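Colleague: Just need the structure, nothing else, for what follows:
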Amino acid sequence: MFYKDVSEEHYRAHYQKQDRAQARKVVRVAMWAFVPLVLVDISFHSLGVWLSMLLLMRAAVFAFSWRLLSELGRATHSPELDQGIFRWMVLIFLMQFISNASLPRDYYGHYMVDIWVSLMTFIVVPLPLAMLRPPVAGFVIASVLLLFYKQSEVFTYAASAALMLPASAITGHAIASYVHRYRRKLLSAEQAIDKQASTDPVTGVANWREFMRMADAQVQQHVRQGGTLSVLMIQIENFKEIIQTQGPQAGDVILVEVTRRIHRVMRSHDCLARYGADEFCLMLPEADGVAAEKIAQRTCATVIALPVAVHGKEIKITASSGVASLQSADTADSLLKRANASRR
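Modeller: Numbers count the residues shown, from 1 in each chain. A predicted model of the protein is given here:
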């Protein structure tokens, strides 16, 4: 089944909580991974300017990671936070490359780390792949060039590392791309299911369950804060007769056309729903009884104004309407009952 793809903004917003938690784990692991790397620096360098520079840079990266960790713990997400994660990642790559450049040419342990970093960055760093590709590609290319610049005496080791670095990055990108596509399809399916559960399949407007949910919220809000609220109910009086004489497909055509006509006259902030087989409800915020009556007259007149062409025949619609305005003791159910009782 085909589902409409979601936008990047909605996709990021939906998975924001999960991605932020994942980012915190990644930053925390990278922070404490620097401790054994410091021991590696000390074991390969004697005390001096070069070792002091490496330790100072690692301390700066640790401090930046600590700050980013605190920012990720906040409740809000923003593009600036994405930029912070991106800068942190670039700083990690730069630190790793500088450390690699300072190590002896016959030591290959750091290339195993580079291969793992190239693989996992795409998978675990919660940023769009378009943001991740340039720094990862730059790190891989620079590492391969450094490998050949050092001119290792063991060619098989150098060749293996040179092949594994881009292969690991490509593999990580492929895995991350699959995961992103899967998450998007899953989110699209969830949205489609939610829409089907709250939308009338014939007219495309809200069904009675969704209308009652919105009506309950609107009534509670207006009772609590004050203000006016009314409900308009419209019934197609000859709907059953149309179905009996013209068939159910003609009934669907009538329902769609009535929906279009109501849309033409309703206000932008009104809420329309199909409440029953031949009934429509219109929630009218900020409309008192007088305004609701005028809206009802205009809507009903528009619905019955012209016949509807169905299979070459013109079918005249008859309709009735009723309105009710919110009172202090009202619930959504009582408001709808009064609107239905006043239909004429």
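
Colleague: residue ranges for the helices of the stretch 151-300 of the chain, please.
Modeller: In the stretch 151-300 of the chain, the helices defined using DSSP state H, counting those that start in this stretch lie at 155-198, 208-225, 239-246, 248-265, 289-304.

Colleague: Now do the closest residue to S320 other than its chain neighbours against T203, distance only.
Modeller: Closest residue to S320 apart from its sequence neighbours, by CB to CB, 6 or more residues apart in numbering: R343 at 4.9 Å. C-beta here means a position set from N, CA and C on the backbone, and glycine is covered the same way. Using CB to CB, to the nearest Å, we find R343 at a distance of 20 Å from T203.

Colleague: And those two? Which one has more around it.
Modeller: T203 (21 against 17; other CB atoms under 10 Å).

Colleague: contacting residues around the more buried one?
Modeller: 255-256, 259, 274 (CB atoms under 8 Å, 6 or more residues apart in numbering).

Colleague: Look up the closest residue to it, ignoring the ones flanking it.
Modeller: T259 (4.3 Å).

Colleague: Who wins on neighbours among the contacts of T203?
Modeller: Counting by other CB under 10 Å, top hit in the contacts of T203: R274 with 24 neighbours.

Colleague: and that one, how far is that from P104?
Modeller: 76 Å.

Colleague: T199 now?
Modeller: In terms of CB to CB, T199 sits 67 Å off from P104.

Colleague: cool, G172 as well?
Modeller: Taking CB to CB, one finds G172 at 28 Å from P104.

Colleague: who's more crowded, these two?
Modeller: Higher neighbour count among G172 and P104: G172, with 22 against 9, using other CB under 10 Å.

Colleague: so what's the more buried one closest to, chain neighbours aside?
Modeller: Nearest one to G172, counting by CB to CB, 6+ apart, is F122 at 3.7 Å.

Colleague: What number of residues are in the vicinity of that neighbour?
Modeller: Neighbours of F122 (other CB under 10 Å): 24.

Colleague: Need the per-residue pLDDT for it.
Modeller: Looking at F122, its pLDDT is 91.

Colleague: Ranking helices and strands of the chain by mean pLDDT, which lands last?
Modeller: None of the helices or strands of the chain scores lower by mean pLDDT, DSSP states H and E than helix 8-14, at a mean of 72.

Colleague: Output that one as PDB, nothing but the C-alphas.
Modeller: Provided in PDB are the C-alpha atoms of helix 8-14 (Å, rounded to 0.1, in the frame of the first residue of the first chain):
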ATOM      1  CA  GLU A   8      11.700  16.300   6.800                       C
ATOM      2  CA  GLU A   9      10.400  18.700   9.500                       C
ATOM      3  CA  HIS A  10       7.600  16.400  10.600                       C
ATOM      4  CA  TYR A  11       9.900  13.400  10.500                       C
ATOM      5  CA  ARG A  12      12.500  15.000  12.700                       C
ATOM      6  CA  ALA A  13       9.900  16.400  15.100                       C
ATOM      7  CA  HIS A  14       8.200  13.000  15.500                       C
END
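
Colleague: buried set for that helix?
Modeller: Of all the residues in helix 8-14, those buried under the rule 16 or more other CB atoms under 10 Å are 11-12, 14.

Colleague: what's the residue nearest to G172 in contact with, if anything?
Modeller: Counted by CB under 8 Å, 6+ apart, F122 has contacts 129, 132, 136, 169, 172-173, 175-176.

Colleague: repeat that with 10 Å
Modeller: 129, 132-133, 136, 168-177, 179-180 (CB atoms under 10 Å, 6 or more residues apart in numbering).

Colleague: could you measure it against W32, distance?
Modeller: F122 is 22 Å from W32, by CB to CB.

Colleague: Which residue ranges make up the domains of the protein?
Modeller: 8-196, 208-341 (automatic domain parsing).

Colleague: any idea which helix or strand carries the closest residue to V117 other than its chain neighbours?
Modeller: Among residues not flanking V117 along the chain, Q96 sits closest, at 6.7 Å (CB to CB, 6+ apart). Take DSSP states H and E as the rule and Q96 turns out to sit in helix 79-102.

Colleague: So for that helix, mean pLDDT?
Modeller: For helix 79-102, the per-residue pLDDT averages 88.

Colleague: May I see the buried residues of it?
Modeller: 81-82, 84-86, 88-89, 91-97, 99-100.
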